[in-house]
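K.L.:
what follows is a predicted structure for the sequence shown.
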Amino acid sequence: MTQLDTDFIRAHFPAFAEPSLRNQVFAENAGGSYTCRHVIWRLTRFYKQRKVQPYGSYAASMLAGDEMDEARERLARLLNVQTGDVVFGPSTTQNVYVLAQAFAEWLTPGQTIIVTNQDHEANSGAWRRLAEYGVQVREWQIDPETGHLSVEDLKNLLDDTVKLVCFPHCSNVIGEINPVNEITRLAHSAGAFVCVDGVSYAPHGLPNIGRIGADIYLFSTYKTYGPHQGVMVVKSALSTLLANQSHFFNANNPSKRLVPAGPDHAQVAACAGMVDYIDAVYDHHFKAGRDGAGRAACVHDLFRSYEIDLMGPLLDYLQARPDVRVLGPTKATRRAPTFALAVQDPTRIADRLAHHGIMAGASDFYAVRPLRAMGLNPARGVLRLSFVHYNLTSEVDRVIKALDQVL
C-alpha cells in the first residue's frame, strides 16, 4: 500500500516553516486546520490582481469570475456532484440556519424531522427551532456510555410523517464515524430527505457525496486546509422544492437561491487551492490517471490509513489511564483522530500542555447536547486533542509524554 510522504505533505503548509510556531505540536485541528500554500497563494493573488466585482467585461473582472467558477467546478468533480449543487456560504452554521428557514416555509404542521443529540449545535439547534412552526422534532439519541447512534433506534423513529433526517458524519467530540450510506438509504426508503453534517469528517478526506446519496452535505473549508467558508451540497431535486432565500431575481440560480448575502469572492476563488493540494498529493503518491472523484478517493484512503496508524499509540495510552474517559470508540478504525477527554480540570490541563508546546483545546466545543447526554458538565467541558494527516508520529509521542507530566 502507498505510504504517506509526510515530508512532502508538510512542505505544502507554510505554518510548519513559521518561526513563531516552531517546536509547537498543533493538536487542535478540529477547531480549524492550517492552510495549504495553494490557498494562500490564490487568496493573495486575488487580493492583489482580481479584487474587483466579478463577471464583468474587463480583464480583472473576468479573471475573478473565472476563478470562482473554477473553484465550484473542480470541487464538484472531487465530491462527485453536479456543479450547480455546490453552494458557498459564510459558514456552516449560517448555511444550516438558512436551510432551516427554507424548510420552515416548505414543511407543514404535523410533519416531522429527526435530529440527534450527537451533533454540534450548528446541525441541531436551527432544525429544532422548526417546532415553532408546528413541525414535530424527534430526537435520535446516543448511548449515554459510548456516544453511539444505533441504526436500529432510527428505524423506530421513522414513519411516513418524517421528511428530513439530520445527523453528523462524525461528531466533533465523540469521533465515531457514522454509517452514512446505510442511514441515507434507510431514510430515503421511508420517504425522507437527508442532511449530513460533514464538518468533522471532511478534514480526514473529502467524501464521495454522490456515492453517499445525501440530499444535503455540509462542511467548512477552514477545516479542510482552505479559507473561512462554508460549503453545502444541495441536490437540485431538493433545492427546487425549497423557498428562495435570496433576492427574488435569484430564485432560479441554484448557487444563489439559498444564500441571502453575496459570497466572499476572494475566499470562494481560493477554495480552488484545496483542489490544487489534493491534486498535488495524488500526483506525488499515485501514478495511474483518475478523474476528480477517483483522485479524491485515493487521497481520502491515503489520509485515512495514515491517521489510523497515527492515533493507535495515543488510544492505547489513554485507555490505560483510569483518570481519563475517552469519549467514543476505542478502536482507531471506527473513529476520526479527534479525542474528547473527560478529565478533572480540562482548562488547567490545556494551559499546562501549552507550556510543553502542545496546542490543545478545552471547551464544550458547541457540543453541549452530547456532553450532557453522556453525563458530563458542559460548563467544565472536555480536553480535546485532534490530529490530521500532516501530524507526525513523533508529535503524538510528544503529546503522550506531556500528558504523562500534566495529568
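P.N.:
Nice, thanks for sending it over.
K.L.:
what strand or helix carries the nearest residue to His356 once chain neighbours are set aside?
P.N.:
Nearest residue to His356 in three dimensions, chain neighbours excluded: Ala402, at 3.9 Å (Cβ to Cβ, 6 or more residues apart in numbering). Using the backbone N, CA and C atoms, a C-beta is placed for each residue, glycine as well. Counting by DSSP states H and E, the element that carries Ala402 is helix 393-406.
K.L.:
show me what that helix is packed up against.
P.N.:
If you count contacts as 3 or more Cβ pairs under 8 Å, 6 or more residues apart in numbering; DSSP states H and E, helix 393-406 packs onto strand 25-26, helix 292-319, helix 346-355, strand 358-359.
K.L.:
any chance of a markdown table for the ones you listed, columns distance to Gly134 and mean pLDDT?
P.N.:
Formatted as a markdown table, the helices and strands packed on helix 393-406 follow (distance: least, Cβ to Cβ, whole Å; pLDDT from 0 to 100):
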| stretch | distance to Gly134 | mean pLDDT |
| --- | --- | --- |
| strand 25-26 | 46 | 98 |
| helix 292-319 | 40 | 97 |
| helix 346-355 | 40 | 98 |
| strand 358-359 | 46 | 98 |
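K.L.:
dump these into TSV; add mean neighbour count and distance to Ala76 as well.
P.N.:
Output for these, formatted as TSV (neighbours: other Cβ atoms under 10 Å; distance: least, Cβ to Cβ, whole Å):
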stretch	mean neighbour count	distance to Ala76
strand 25-26	22	30
helix 292-319	18	8
helix 346-355	17	39
strand 358-359	20	34
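K.L.:
what about the residue nearest to His356, how many neighbours?
P.N.:
Taking other Cβ atoms under 10 Å as the criterion, the count of residues near Ala402 is 21.
K.L.:
I figured it hits Leu353, correct?
P.N.:
Yes: at 5.5 Å, Ala402 counts as touching Leu353 under the criterion of Cβ atoms under 8 Å.
K.L.:
output the below-cut-off pLDDT ranges for this structure.
P.N.:
Residue ranges of the chain with pLDDT under 70: 1.
K.L.:
that one - how does it break down into domains?
P.N.:
6-34+292-406, 43-275 (automatic domain parsing).
K.L.:
how about those domains, which one is nearest Asp283?
P.N.:
Across those, Asp283 has its closest neighbour in domain 6-34+292-406 (8.6 Å, Cβ to Cβ).
K.L.:
show me what the longest strand seen in the chain is packed up against.
P.N.:
Secondary structure assigned by DSSP state E gives strand 162-168 as the longest strand of the chain. Packed against strand 162-168 by the contact rule (3+ Cβ pairs under 8 Å, 6+ apart) you find strand 112-116, strand 136-140, helix 180-189, strand 193-197.
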